[in-house]
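Trainee: I would like the atomic coordinates for the input below:
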Amino acid sequence: CDLVRYCSVGCEQEDKLQHEQGCKKRAAELRDELLFKQPESSHLGDCPICCLPLPLDKRKSTVYHCCSKLVCDGCAYADLKREYERRLIHSCPFCRKALPKTYGGSNKNRMKRVEANDPVAMNREGLNQYDKGDYSKAFEYFTKASGLGDVQAHYNLSCMYHSGKGVEKDRRKEIHHLEEAAIGGHPLARFNLACSEKESGNIERALKHLIIAAKE
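Mentor: Residues are numbered from 1 along each chain as shown. All right, here's what the predicted structure looks like:
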């Protein structure tokens, strides 16, 4: 550990084992402090227009591929009403870019965001590839998106490591990505961690996860 300076090689060798154990214990404590801290909001965050928390029900919000913003249905409806009353072109309620009239146009917008290293767009493209059955490409997109901080991508990777689709099953990596997603406010990831802890006999840790998930 670079935090300690020793007077001699002999002193370092004597203290090495004890110090390594202490470092590992402290690292685990710090990880738990982060893991069991109540997130400020869910992984979806707030609507960028009304600034209210986005609903966990995916049917009550819409992703706009032109800017990768997730907008609540209330704001989307209000903007649609404004366009109808003023006879305006249908556009994104956030960035005001005209919306494509075809599915192909939406895909083109999403790929532009992917090229710009937008993690939300990368995760959406990963889901698109997963639905097509191309698990290798899906894994690639999820990995890139998670590396850029996308919480949903971490959860999707945990599912892939659990199922073994596109990648070898790996329990350790599955739990790692579940923890990263849970820290980011993903309630389903938190619930899965609770189930895992319960199966391992860690009832107290499982209960902590469930309490946090219930408040998200």
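Trainee: measure the residue most central in space within the chain to E180 for me?
Mentor: Closest residue to the average C-alpha location of the chain: V151 at 0.9 Å, with C-alpha atoms, centre = their mean. To E180, V151 is 7 Å away according to C-beta to C-beta, to the nearest Å. Every C-beta, even on glycine, is put in place using the N, C-alpha and C of the backbone.
Trainee: and what of I211?
Mentor: 20 Å.
Trainee: neighbour-wise, which of these two wins?
Mentor: Legend: neighbour count by other C-beta atoms under 10 Å for I211 and E180, higher for E180 (20 against 13).
Trainee: Show the contacting residues for the more buried one.
Mentor: Counting by C-beta atoms under 8 Å, 6 or more residues apart in numbering, E180 makes contact with S146, V151, H154.
Trainee: try L157
Mentor: Per C-beta under 8 Å, 6+ apart, neighbours of L157: F139, F142, T143, S146, K173, H177.
Trainee: Format those as TSV; extra columns: secondary structure, distance to A76 and neighbour count.
Mentor: Below are these laid out as TSV (DSSP: H, G, I helix; E, B strand; the rest coil; distance: C-beta to C-beta, whole Å; neighbours: other C-beta atoms under 10 Å):
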residue	secondary structure	distance to A76	neighbour count
F139	helix	32	20
F142	helix	27	31
T143	helix	31	19
S146	helix	28	25
K173	helix	37	16
H177	helix	31	24
